[in-house]
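Enquirer: Got a sequence here, can you model it:
(chains A and B)
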Amino acid sequence: NAGVMQNPRHLVRRRGQEARLRCSPMKGHSHVYWYRQLPEEGLKFMVYLQKENIIDESGMPKERFSAEFPKEGPSILRIQQVVRGDSAAYFCASSPSWGGSYNEQFFGPGTRLTVL
Amino acid sequence: KQEVTQIPAALSVPEGENLVLNCSFTDSAIYNLQWFRQDPGKGLTSLLLIQSSQREQTSGRLNASLDKSSGRSTLYIAASQPGDSATYLCAAAGTALIFGKGTTLSVSS
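Expert: Model prediction:
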């Protein structure tokens, strides 16, 4: 049973470009969470999704950031018109279908985004 | 709004010592509390999860306790080893996980 998979592991973008980060949850998991870890900061919650639904996006910046978890395929975190302040490690986590947020979250290895 | 604080921010100990990492949270209405380990430049490894109805969990040399009424959790590491050197994060679970900033542990041989 493969763990949570994220790709790419490292992503370099120039200011103004778009960044797309992908997350495939563990088999049998239908809850996906995205977190961001800025340099010298703790991990901050961004968004919580289930298949085809955004459940909680209270941690998402209001502009340029969006997330989706389609019926088929991985969850995507999209950052438009990236700025240097978006440079961070972005982690995805998944949890099982039952129990919702009561369940243990399993984390992927992260995508390290560098904006030049 | 939930806030999670971890003390100390950094800790250096010689190999073999027993040690305690502290985590406090402001809102006791949590579903569970998780402890993670993060190595430099790496992802998170889940160590222990304590459900809100539980008082403690044990795994090998690790023991985590939870006192919801006082908003505290501790991670006890017995007989520390150089391989335990990492950053330890605690996270309180509401809708999502709220993380502390971590305790960076260095164990010298």
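Enquirer: In which helix or strand does A:V12 reside?
Expert: Applying DSSP states H and E as the criterion places A:V12 in strand A:10-13.
Enquirer: what residues does chain B put near chain A?
Expert: With C-beta under 8 Å from any C-beta of the partner chain as the criterion, chain B meets chain A at residues B:31-32, B:34, B:36, B:41-46, B:49, B:51, B:89, B:91, B:93-102. C-betas here are computed from N, CA, C, even on glycine.
Enquirer: ok so, going back, list the buried ones in the strand holding A:V12?
Expert: The neighbour-count check on strand A:10-13 (16 or more other C-beta atoms under 10 Å in any protein chain shown) flags A:11, A:13 as buried.
Enquirer: likewise stretch A:69-86?
Expert: So for stretch A:69-86, counting by 16+ other C-beta under 10 Å, buried means A:69, A:74-77, A:79, A:82, A:86.
Enquirer: quick one: which of these is nearest to A:V47?
Expert: Comparing the buried residues of stretch A:69-86 against A:V47 with C-beta to C-beta picks out A:L77 as the nearest, at 7.7 Å.
Enquirer: Give the bridge partners for that closest one, please.
Expert: A:L21, A:A67 (DSSP bridges).
Enquirer: about what we covered before: show me the residues of chain B next to chain A that map onto strands.
Expert: Secondary structure from DSSP state E places B:32, B:34, B:36, B:44-46, B:49, B:51, B:89, B:91, B:93, B:97-99 of these in strands.
Enquirer: Could you export those as CSV, including neighbour count and pLDDT?
Expert: Formatted as CSV, these follow (neighbours: other C-beta atoms under 10 Å in any protein chain shown; pLDDT from 0 to 100):
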residue, neighbour count, pLDDT
B:N32, 22, 90
B:Q34, 22, 94
B:F36, 23, 96
B:L44, 26, 92
B:T45, 14, 92
B:S46, 16, 91
B:L49, 19, 92
B:Q51, 16, 90
B:L89, 27, 97
B:A91, 27, 95
B:A93, 23, 89
B:L97, 29, 90
B:I98, 23, 93
B:F99, 23, 95
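Enquirer: Setting the sequence-adjacent residues aside, check what's closest to the residue nearest to the spatial centre of chain A.
Expert: Geometric centre of chain A, nearest residue: A:W34, 3.4 Å, by C-alpha atoms, centre = their mean. By the measure of C-beta to C-beta, 6 or more residues apart in numbering or on different chains, the closest residue to A:W34 outside its immediate chain neighbours is A:M46, 4.4 Å from it.
Enquirer: Run a quick neighbour tally on that neighbour.
Expert: A:M46 has 22 neighbouring residues, counting by other C-beta atoms under 10 Å in any protein chain shown.
Enquirer: so which strand or helix has it?
Expert: Assessed by DSSP H and E, A:M46 sits inside strand A:43-50.
Enquirer: what's the next secondary structure element after that strand?
Expert: strand A:53-56.
Enquirer: Since that was my last question, I'll sign off now.
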